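Chemist: Generate a structure from the sequence data that follows.
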Amino acid sequence: MAQVLEFKLPDLGEGLTEAEIVRWLVEVGDVVAIDQPVVEVETAKAMVEVPCPYGGVVTARFGEEGQELPVGAPLITVAVGERSPSGGSADPGAGSPSRSGGEGSGNVLVGYGTSEAPARRRRVRPGRPVTSATAGAGAAPGGGTAAAETRVAGAGAAGTARIDAAVPAVADGTSGPVNGHAGAVALDDGPVPVISPLVRRLARQNGLDLRELTGSGPDGLILRADVEYALRAAGRGSTAAPAAQPHVPQPHAPVPQPADAAGAARAAGPAAPATRSSATTGEIRTPLKGVRGAVADKLSRSRREIPDATCWVDADATELMRARTAMNAAGGPKISLLALLARICTAALARFPELNATVDTEAREIVRFDHVHLGFAAQTDRGLVVPVVRDAHARDAESLTAEFARLTEAGRAGTLTPAELTGGTFTLNNYGVFGVDGSTPIINHPEAAMLGVGRIVPKPWVHEGELAVRQVVQLSLTFDHRVCDGGVAGGFLRYVADCVEQPAVLLRTL
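Modeler: Numbers count the residues shown, from 1 in each chain. Sure, this is the predicted structure:
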């Protein structure tokens, strides 16, 4: 018995409510295995591949590349299960979540793992020849077909809706060409084996009788590809795409409302471009979504909720630059300047733990952390991201350098996971890479402080009582005034500046 299961966009974690389809990894009619990635989506935090927990044949896709879908909207439908050699129904456990023993996949994102591996995985084989013995055992008495009951998950109050689709059986043990596809199963009569309402509408709009087709899907299921092939063969390919037709829900298509909305978007063709312009005013409007939308929401919330203040100081970084040069000349992995600044930050937070905290507004409590998960701002082609180095306080300069490099490369490639973008307790923002001296950064909510570092440039500086040209940097600290007063913030920033000017100060904490 064929069973059609609907896979919806899962909750990707960390409060994400929508995702944009970047690239489909499967086509309608493809055979997929359990936990095989089927679509690549971009959330407000990262690009991830979404695996399907069912194994079978893809019967429908919802949404076009570039379209944004809410969590819980249908992604694909998969026909699982196949007919056994004796004509009966095979075990639907090839992808069904209801199989006994708890063998269903628990995957949500690639790499998250499943609670228990399936005991076996079976794939539906589209277009498999049916032997005469199979036909004899499985044919219905009157029409040479056996009705298979399929279910579309999530429809109605009971969670399922039922439609009858014919499961064809061929009497002669051979399978002729179907719509020009060799090896498919032939259809005699009985109910038309179509599950997708999109396929029915496509055929209806082009005057195509589905009873004249035999499908290349499992057990003769008619797929969209079969209809399009038949239209091309009849010389009507120009009318094959239903892009111009509005979506009208059909009484015989028991698809849940979210699927109807997604189907309408699919029928409308490719998603609208990211920007739109007005010919009369010259305006260009860009939707606030994805990374840009997440940044906008977070910064706005920070400004609304956090009473921040900023202090800054200039520091002579000449000795720090010399120390780094000496480290790198000694051989071994190169030490980055960002890693040295991070090491200084963790030492300063150990002396001023008030800034390694957050405010629980509901409980009206200040929560201090005994660990430092250090975020650092990184500009990528997708926008600003803040990867997090876990347990930065326990890392040395070499380890920090390696982790900064790994996370930066992942950010540029768009492969950062939600876990690598959340959970920070303090942020280091090196805006000096943009060639600017100072800034008043906005705190990365819900953290309590952020250290900003400007460019290091030669400037006149009084050194040992004489005017000299030194490497000078401006440091700024933006902090939540609820967690501390200006004395703590000033003490933190002064300690950081002292370490920049005299790196030997750090030796006391090593």
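
Chemist: Need the residues that contact stretch 429-437.
Modeler: With contact meaning Cβ atoms under 8 Å, 6 or more residues apart in numbering, stretch 429-437 is reached by 338, 341, 376-377, 379, 439, 441, 450-457, 473-474. The C-beta positions use only the backbone N, C-alpha and C, and glycine is treated the same way.

Chemist: Quick one: buried ones out of those residues?
Modeler: 338, 341, 376-377, 439, 441, 450-456, 473-474 (16 or more other Cβ atoms under 10 Å).

Chemist: Widest-spaced pair of those residues?
Modeler: The two members of the buried ones among the contacts of stretch 429-437 with the most space between them (Cβ to Cβ) are Met450 and Ile456, at 18.9 Å.

Chemist: ok, back up a step: narrow the contacts of stretch 429-437 to those in helices?
Modeler: If you go by DSSP state H, the contacts of stretch 429-437 have Leu338, Leu341 in helices.

Chemist: Quick one: the helices in the stretch 201-350 of the chain, in order.
Modeler: In the stretch 201-350 of the chain, the helices defined using DSSP state H, counting those that start in this stretch lie at 224-233, 257-267, 290-305, 318-329, 337-351.

Chemist: Mind giving me the packing neighbours of the longest one?
Modeler: In terms of contact count using 3 or more Cβ pairs under 8 Å, 6 or more residues apart in numbering; DSSP states H and E, helix 290-305 is assigned the packing partners strand 383-385.

Chemist: By residue count, what's the longest strand in the chain?
Modeler: strand 466-480 (DSSP state E).

Chemist: State the mean pLDDT of stretch 299-306.
Modeler: Here stretch 299-306 scores 93 as its mean pLDDT.

Chemist: cool, and stretch 74-83?
Modeler: 81.

Chemist: now stretch 360-378
Modeler: Taken as a whole, stretch 360-378 has an average pLDDT of 95.

Chemist: Quote the end-to-end distance of it.
Modeler: End-to-end distance for stretch 360-378, by Cα to Cα, to the nearest Å: 27 Å.

Chemist: quick one: contacts of that stretch?
Modeler: When contacts are defined by Cβ under 8 Å, 6+ apart, stretch 360-378 is touched by residues 305, 338, 342, 345-346, 349, 353-354, 356-359, 384-393, 404, 407-408, 411, 423-431, 444, 447, 482-483.

Chemist: Drop anything exposed from these.
Modeler: The buried subset of the contacts of stretch 360-378 - by 16+ other Cβ under 10 Å - is 338, 342, 345-346, 349, 353-354, 356-359, 385-389, 392-393, 404, 407-408, 411, 424-431, 444, 447, 482-483.

Chemist: got any ranges where the stretch 401-510 of the chain has weak pLDDT?
Modeler: Scanning the stretch 401-510 of the chain for pLDDT under 70 picks out 509-510.

Chemist: which stretches of it form strands?
Modeler: 426-429, 449-453, 457-463, 466-480 (DSSP state E, counting those that start in this stretch).

Chemist: Quick one: these as TSV, columns for distance to Ala309 too.
Modeler: Converted to TSV, the strands of the stretch 401-510 of the chain look like this (distance: least, Cβ to Cβ, whole Å):
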stretch	distance to Ala309
strand 426-429	16
strand 449-453	10
strand 457-463	26
strand 466-480	6
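
Chemist: quick one, which of those is nearest to Ile34?
Modeler: strand 426-429 (39.6 Å).

Chemist: Adjacent strands (with direction) for that closest one?
Modeler: If you go by DSSP bridges, strand 426-429 pairs up with strand 374-376 (parallel), strand 449-453 (parallel).

Chemist: where does the stretch 201-350 of the chain have low pLDDT?
Modeler: 201, 236-280.

Chemist: Gly217 contacts Val58, correct?
Modeler: No. The criterion here is Cβ atoms under 8 Å, and Gly217 misses it with Val58 at 9.5 Å.

Chemist: which of these two has more neighbours?
Modeler: Just comparing Gly217 and Val58: by other Cβ atoms under 10 Å the higher neighbour count belongs to Gly217, 27 against 23.

Chemist: Contacts only, for the more buried one.
Modeler: By Cβ under 8 Å, 6+ apart, the contact set of Gly217 is Gly29, Val57, Thr59, Ala79, Pro126, Pro193, Leu223, Asp226.

Chemist: nearest residue to Ile222 other than its sequence neighbours?
Modeler: Residue nearest to Ile222 in three dimensions, not counting chain neighbours: Gly215, with 3.6 Å by Cβ to Cβ, 6 or more residues apart in numbering.

Chemist: and the one you found, how many residues sit next to it?
Modeler: 32.

Chemist: what packs against the host helix or strand of Leu75?
Modeler: Using DSSP states H and E, Leu75 sits within strand 74-80. Judged by 3+ Cβ pairs under 8 Å, 6+ apart, strand 74-80 is in contact with strand 3-8, strand 36-42, strand 47-52, strand 56-61, helix 257-267.

Chemist: any idea of the angle that strand forms with strand 3-8?
Modeler: 160 degrees (axes from the mean of the first three to the mean of the last three Cα atoms, to 10 degrees).

Chemist: who does strand 74-80 pair up with?
Modeler: Strand 74-80 is paired, per DSSP bridges, with strand 3-8 (antiparallel), strand 56-61 (antiparallel).

Chemist: can you pull the contacts of Ala296?
Modeler: Leu288.

Chemist: Please determine how far it is located from Ala46.
Modeler: Per Cβ to Cβ, to the nearest Å, Ala296 is found 17 Å from Ala46.

Chemist: so where is the stretch 51-200 of the chain shaky, pLDDT-wise?
Modeler: Checking the stretch 51-200 of the chain against pLDDT under 70 turns up 82-192, 194-198.

Chemist: rerun that using 90 as the cut-off
Modeler: The stretch 51-200 of the chain contains residues with pLDDT under 90 at 51, 53-55, 63, 65-72, 80-200.

Chemist: tell me which residues form a beta bridge with Val389?
Modeler: Leu374.

Chemist: residues in contact with it?
Modeler: Under the criterion of Cβ under 8 Å, 6+ apart, the neighbours of Val389 are Ala342, His373, Leu374, Gly375, Phe376, Arg395, Leu400, Glu403, Phe404, Leu407.

Chemist: Met321: neighbour count?
Modeler: When neighbours are counted by other Cβ under 10 Å, Met321 comes out with 18.

Chemist: ditto for the one 10 residues further on
Modeler: When counting by other Cβ under 10 Å, one arrives at 7 neighbours for Gly331.

Chemist: rewinding a little: need the residues touching each of Gly217 and Val58.
Modeler: Both Gly217 and Val58 are contacted by Gly29, under the criterion Cβ under 8 Å, 6+ apart.

Chemist: on that earlier part again, quick one, which of the strands paired with strand 74-80 gets closest to Asp35.
Modeler: Among the strands paired with strand 74-80, strand 3-8 comes nearest to Asp35, with 11.5 Å by Cβ to Cβ.
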